[in-house]
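In: curious how this folds, go ahead:
(one chain, ligands or ions: 2)
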Amino acid sequence: MSALAELQALLGEGGLLQSPAHDLSAYENDWRGRYQGRALAVARPANTEQVAAVLRCCAKHGLSLVPQGGNTGLVGGGVPDGSGQQILLSLQRMQAVRGVDAHNLTLTVEAGCTLQAVQDAAEAHGLLFPLSLASQGTCTIGGNLATNAGGTQVLRYGNARELCLGLEVVTAQGEIWQGLSGLRKDNTGYDLRDLFIGSEGTLGIITAATLKLFARPRAQMTALAACPDLDSALGLLSLARGQAAAALTGFELMNAFSLSLVRRHFPQLQQALPPCPWTVLLELSDSEGEAHAQAQFEAILSEALTQGLITDAAVAQSLAQSQTMWHLRESIPLAQSKEGLNVKHDIALPLSRIPAFVRETDAALTQAFAGIRMVNFGHLGDGNLHYNVQAPEGVPPAEFLSRHEAAINQIVYEAVQRYEGSISAEHGIGQLKREELAARKSPVALGLMRAIKTALDPQGILNPGRML
Ligand code: FAD
Ligand code: ZN
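Out: Ligands and ions are numbered 1, 2, ... in the order given. Model prediction:
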C-alpha cells in the first residue's frame, strides 16, 4: 500500500486532507505570511495512538513530518517546505482536558487545546494557569511547550518550561513515552521532559501535558507610566520589584513608535497617556485585594515621580480600563503587520545592559539605513525585547526586507553577542534563525544538540531543516 493510502486507512474520514480536494493553505502558510510551503497531505490524528501509528508509517516510508498546533509561530517552524513531500501533522483535533487535580494543583490536557481553553479549564476550578500570550485564542499548548513560549507573565510565573510537570510524547519511531507526571520533585535520571520542551518538533511529538496551576490572585490591577528614557524604565522596575515583590506580575515596555503604529491602525483604541518616549505597562496581582493593590500602586508611582523616573502615570480604575491597557500592548504585533513586513528580532539581554545596547544599536542602524523606524517593545521585566526594524515611511516593506535584512541582522546580532544576550528569547529558531544559530552558538553546544537529534531521530524525519 502507498504511504498515503496507509495514512488514510489509519486516520479514517476527515483524518487526512489532500489538495486539491481540500484547501490546505491555512496549514501551509505561516501567520506572518513569510513562509509559503506545500504539504503532501495534512494528517489530523484524533488521539495519541493515531499519532504513534502515523509516525510508524512515516518512519517506514522515510517520509518527513512537520508538527503543527495553532500555526501562530513566528519563525517558520510549523509550516512545510516547498517540496510537496512532507506530511503536515496537525494536533488540532486533540483537544481533550484529561483531568484536573485541585489538591495537586495540576491540569492534564491534550496538545491541541488552545492556550485560552487551558486557561478556561483552570478558571473553571477557581485556579490560574498563568501562561499568557496575545495569540492565546489560536496557539495550542503543544506549540507553547514545543517553543517554550514566554509571554507577559514570565516575570512572576516563568515561561512554558517552568509551568510543565509532565509530558506524553510520541517518538520518531512511533513509540509512546508516558511521562505525564504531576510531581514537583523527581530526580530519576535525565530530564526527558525538558529535552522535548523547546525542541520545536525536532525530537518528538508532544501529545499531552500535565501543567502547574496556581491560586488566583484576589485582585489584578494595571497602570501605564511614561518614562523619559530606558534607564528610568529600569529604575522603575527595580522600585516596583522592591515594593511589590512577587505581586509584580507584568512589566511591559513600548516605545513611542510602536504606540504610534497602534494609533494609526487602531484609532478606536484609547491611549490613556499622551505620546512619550517610553511607556511601561505594570501589572500587580494582589492576594489581599483591590484596596491593597491600589495603595501599592500609588506608593510606587508617587515615589517614581519624586525620583524623576516617570513623568506621568495612569492607574486603571476598572476592569475595562485595565483590559484596554493590555489591549494596547497586545495590538502592537498586529499593528506592525498592518504596516507591512519588518525585520524582527526577539532578543534577550542582561537587564542592566539594555539601555546601552539600545542606544548603541539604534544609532548604528539609523546611520546605516536612513529613515528606518524602530518598533521596540517587549517584556522588559524578563530582559526580552522585540527589537524590530520597519522600513522608512513610503518604502515598500518587502523590497526593503529583501535588500537589507541580512545587513540589519548582522548589526543587531553582533551587538547582541557583544552584550552577552540571546538571538531568540521566546519565539525559537525554526527556519528564520537556523543559519544565525549555526553561526553564533558554540561548536560544543551545537555538537551536543546534533548528538541528541541523531540519537532520538536517526532517520531525520522530524521537522528536518528546522533549528539545526
Ligand atoms: P505552531 O506555530 O503551530 O508551531 C510552533 C513550533 O512548534 C513549530 O516548530 C512546530 O513544529 C512545533 N509544534 C507545534 N505543536 C507541536 C507538538 N504538539 N509537538 C511537537 N512540536 C510541535 N510567543 C511567545 O513566546 N510570547 C509571546 O508573547 C507571543 N506573542 C505572540 C503574539 C502574536 C499576535 C502571535 C501571532 C504570536 C505570538 N507568539 C508569542 C508566537 C507564538 O504564538 C508561540 O510561539 C506559540 O507558542 C506557538 O504555538 P502554536 O500552537 O501556534 O505552534
Ligand atoms: Zn513577546
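
In: can you give me the helices for the stretch 251-400 of the chain?
Out: Using DSSP state H, counting those that start in this stretch, the helices found in the stretch 251-400 of the chain span residues 256-265, 290-306, 319-330, 332-339, 354-368, 397-418.

In: out of the ones you listed, which is closest to ligand 1?
Out: Each of the helices of the stretch 251-400 of the chain has some distance to ligand 1 by Cβ to the nearest ligand atom; the shortest is helix 332-339, at 4.0 Å. For the C-beta atoms, the positions are set from N, CA and C on the backbone; glycine is no exception.

In: quick one on the thing from earlier: possible to save the helices of the stretch 251-400 of the chain as CSV with mean neighbour count and mean pLDDT?
Out: As requested, those are exported to CSV (neighbours: other Cβ atoms under 10 Å; pLDDT from 0 to 100):
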stretch, mean neighbour count, mean pLDDT
helix 256-265, 18, 98
helix 290-306, 17, 95
helix 319-330, 17, 95
helix 332-339, 18, 94
helix 354-368, 16, 98
helix 397-418, 16, 97
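
In: pipe those into CSV and attach distance to ligand 1 per row.
Out: As requested, these are exported to CSV (distance: least, Cβ to the nearest ligand atom, whole Å):
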stretch, distance to ligand 1
helix 256-265, 13
helix 290-306, 24
helix 319-330, 7
helix 332-339, 4
helix 354-368, 18
helix 397-418, 17
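
In: need phi/psi at the residue in the stretch 201-350 of the chain that ligand 1 sits nearest to.
Out: Scanning the stretch 201-350 of the chain for the residue nearest ligand 1 gives G201, at 3.1 Å (criterion: Cβ to the nearest ligand atom). G201 has phi and psi values of phi 70, psi 10 when expressed as degrees, to the nearest 10.

In: touching, it and S64? I think so.
Out: No. The criterion here is Cβ atoms under 8 Å, and G201 misses it with S64 at 11.0 Å.

In: tell me which of the two has more neighbours.
Out: Using other Cβ atoms under 10 Å as the criterion, G201 and S64 rank with G201 on top: 27 against 20.

In: so what's that one up against?
Out: By Cβ atoms under 8 Å, 6 or more residues apart in numbering, G201 lies in contact with 66-67, 77-78, 146, 462-463, 466.

In: just the buried residues from these, in ChimeraX please.
Out: Entered in ChimeraX, the line below selects the buried ones among the contacts of G201, by 16 or more other Cβ atoms under 10 Å:
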select :66,67,77,78,146,462,463,466
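
In: export the contacts of G201 as TSV, with columns for pLDDT, distance to A304 and secondary structure.
Out: Converted to TSV, the contacts of G201 look like this (pLDDT from 0 to 100; distance: Cβ to Cβ, whole Å; DSSP: H, G, I helix; E, B strand; the rest coil):
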residue	pLDDT	distance to A304	secondary structure
V66	98	47	strand
P67	98	45	strand
G77	98	40	coil
G78	98	41	coil
A146	98	39	helix
L462	98	49	strand
N463	98	46	coil
R466	97	43	coil
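
In: among the contacts of G201, which are within reach of ligand 1?
Out: 66-67, 77-78, 146, 463, 466 (Cβ under 6 Å from any ligand atom).

In: which two of those lie the greatest distance from each other?
Out: Taking Cβ to Cβ as the measure, the ones next to ligand 1 among the contacts of G201 span a maximum distance of 11.5 Å, between V66 and A146.

In: what's near enough to touch Q459?
Out: 59, 62, 172.

In: repeat that for D457.
Out: With contacts defined as Cβ under 8 Å, 6+ apart, D457 is in contact with 172, 202-203.

In: turn those into CSV, including neighbour count, pLDDT and secondary structure.
Out: Putting these into CSV (neighbours: other Cβ atoms under 10 Å; pLDDT from 0 to 100; DSSP: H, G, I helix; E, B strand; the rest coil) gives the following:
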residue, neighbour count, pLDDT, secondary structure
A172, 22, 98, coil
T202, 25, 98, coil
L203, 24, 98, coil
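
In: nearest to D346, of the residues you listed?
Out: T202 (18.7 Å).

In: for the nearest residue to that closest one once chain neighbours are set aside, give its distance to E288.
Out: The shortest distance from T202 to any non-neighbouring residue, by Cβ to Cβ, 6 or more residues apart in numbering, is to N463 (4.7 Å). Separation of N463 from E288 (Cβ to Cβ, to the nearest Å) stands at 46 Å.

In: likewise N255?
Out: Distance, N255 to E288, by Cβ to Cβ: 34 Å.

In: of the two, which one has the most company?
Out: Taking other Cβ under 10 Å, N255 and E288 do not tie; N255 has more neighbours (23 against 13).

In: mind picking the two most distant members of the contacts of G201?
Out: With distances taken as Cβ to Cβ, the most widely separated pair in these is G78 and L462, at 12.4 Å.

In: and for the two, which residues touch both?
Out: Here G78 and L462 share the contacting residues 67, 201, scored by Cβ under 8 Å, 6+ apart.

In: picking that back up, how much space between the residue of the stretch 201-350 of the chain closest to ligand 1 and Q173?
Out: Counting by Cβ to Cβ, the gap from G201 to Q173 is 16 Å.

In: check S287 too.
Out: S287 is 47 Å from Q173, where distance means Cβ to Cβ.

In: tell me which stretches of the stretch 151-300 of the chain form strands.
Out: Using DSSP state E, counting those that start in this stretch, the strands found in the stretch 151-300 of the chain span residues 164-170, 176-179, 205-212, 214-215, 219-227, 248-255, 278-286.

In: residue in the protein nearest to ligand 1?
Out: Using Cβ to the nearest ligand atom, the closest approach of the chain to ligand 1 is made by G143 at 2.1 Å.

In: so what sits against both of G201 and S64?
Out: Common neighbours of G201 and S64 (criterion: Cβ under 8 Å, 6+ apart): 462-463.

In: my guess is D30 contacts G73, does it?
Out: Yes. D30 lies in contact with G73 (Cβ under 8 Å); the separation is 6.9 Å.

In: those two: who's more crowded?
Out: It is G73, of D30 and G73, that has more neighbours when counted by other Cβ under 10 Å, with 27 against 22.

In: that one and R34, how far apart?
Out: 11 Å.

In: residues of this structure that sit close to ligand 1?
Out: Applying Cβ under 6 Å from any ligand atom, one finds that the chain approaches ligand 1 through 31, 66-74, 77-78, 91, 111, 133-135, 139-140, 142-144, 146-147, 149-151, 200-201, 205-206, 333, 426-427, 430, 463, 466.
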